[in-house]
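Engineer: Here's a sequence, model it:
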Amino acid sequence: LLIFVIVAGAEAFLLMRKTQYPLEVMDHALVELAAGRMDYHLPASDTKEWKRVSVSMTAIGERFKQLGADLGKEREVNAAERMKLKLVLSQISDGVIACNQSGSIMFANKTAEDMTGRPSHTLAGRHIDEVVRLFEDDKPISVSDFYMEARTSGLASVERINGLRLVTAENQERLVSARI
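Structural biologist: Next comes the predicted model:
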């Protein structure tokens, strides 16, 4: 009976070790992948199941590596396109202020700087309603509301041509037209 217990204990230990070691190796591989080392490969295992896991984990790493490279290329293309857009917008004689959907200013050309009385580096990141103060018939107009009017109207753009005034940082008024 004692021999049986010793043999059973030894087999249990070996089985546990055979199961635990691949889990430790896989855990290490996941840590490596999470750290961004996408070229890490799991060592091949002697069992069919763990070999499939090893091949799958390596394939995941390779796919993530490719996705990272693709993302890097897309970022480069987007940066180049943004530079082209800034160049074009900076050459337009009309004042142009570009915002994201939440109303944060991303770009203002030189004419917009002159119209608002604020340099573009002080505009970037600020909300459009903090910078552009519009009035129509002595009533303030929120640029955000004007934007929502354009969005909810179903039209491609909404224009205000007559009677719109822009108040600059120096509290000077300028007649303007606006299109969103």
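
Engineer: By mean pLDDT, which helix or strand of this protein comes out lowest?
Structural biologist: Ranking every helix and strand in the chain by mean pLDDT, DSSP states H and E puts helix 2-34 at the bottom, with a mean of 74.

Engineer: tell me the phi and psi of residue 139?
Structural biologist: Dihedral pair for residue 139: phi -100, psi 130, per degrees, to the nearest 10.

Engineer: is it true that residue 179 touches residue 164?
Structural biologist: No - taking C-beta atoms under 8 Å as the definition, residue 179 is not a contact partner of residue 164, at 10.6 Å. The C-beta positions use only the backbone N, C-alpha and C, and glycine is treated the same way.

Engineer: the more surrounded of those two?
Structural biologist: residue 164 (18 against 11; other C-beta atoms under 10 Å).

Engineer: element containing the more buried one, please.
Structural biologist: Counting by DSSP states H and E, the element that carries residue 164 is strand 159-167.

Engineer: Now do the buried residues in the helix or strand following that strand.
Structural biologist: The C-terminal neighbour of strand 159-167 among helices and strands, as given by DSSP H and E, is strand 173-179. By neighbour count on 16 or more other C-beta atoms under 10 Å, the buried set for strand 173-179 is residue 178.

Engineer: Tell me what residue 97 is bridged to.
Structural biologist: residue 108 (DSSP bridges).

Engineer: pretty sure it contacts residue 110?
Structural biologist: No - Residue 97 lies out of contact with residue 110 (C-beta under 8 Å); the separation is 11.7 Å.

Engineer: where does this protein have low pLDDT?
Structural biologist: Residues of the chain that meet the criterion pLDDT under 70 lie in 1-2, 14-22, 44-46, 155-158, 160-161.

Engineer: again, only using 90
Structural biologist: 1-69, 82-83, 85-103, 106-108, 110-124, 128-180 (pLDDT under 90).

Engineer: Check the chain for its longest helix and report it.
Structural biologist: helix 48-91 (DSSP state H).

Engineer: In terms of secondary structure, what does that helix contact?
Structural biologist: Here helix 48-91 touches helix 2-34, going by 3 or more C-beta pairs under 8 Å, 6 or more residues apart in numbering; DSSP states H and E.

Engineer: My guess is residue 124 contacts residue 105. True?
Structural biologist: Yes - contact criterion C-beta under 8 Å: residue 124 and residue 105 qualify, at 5.8 Å.
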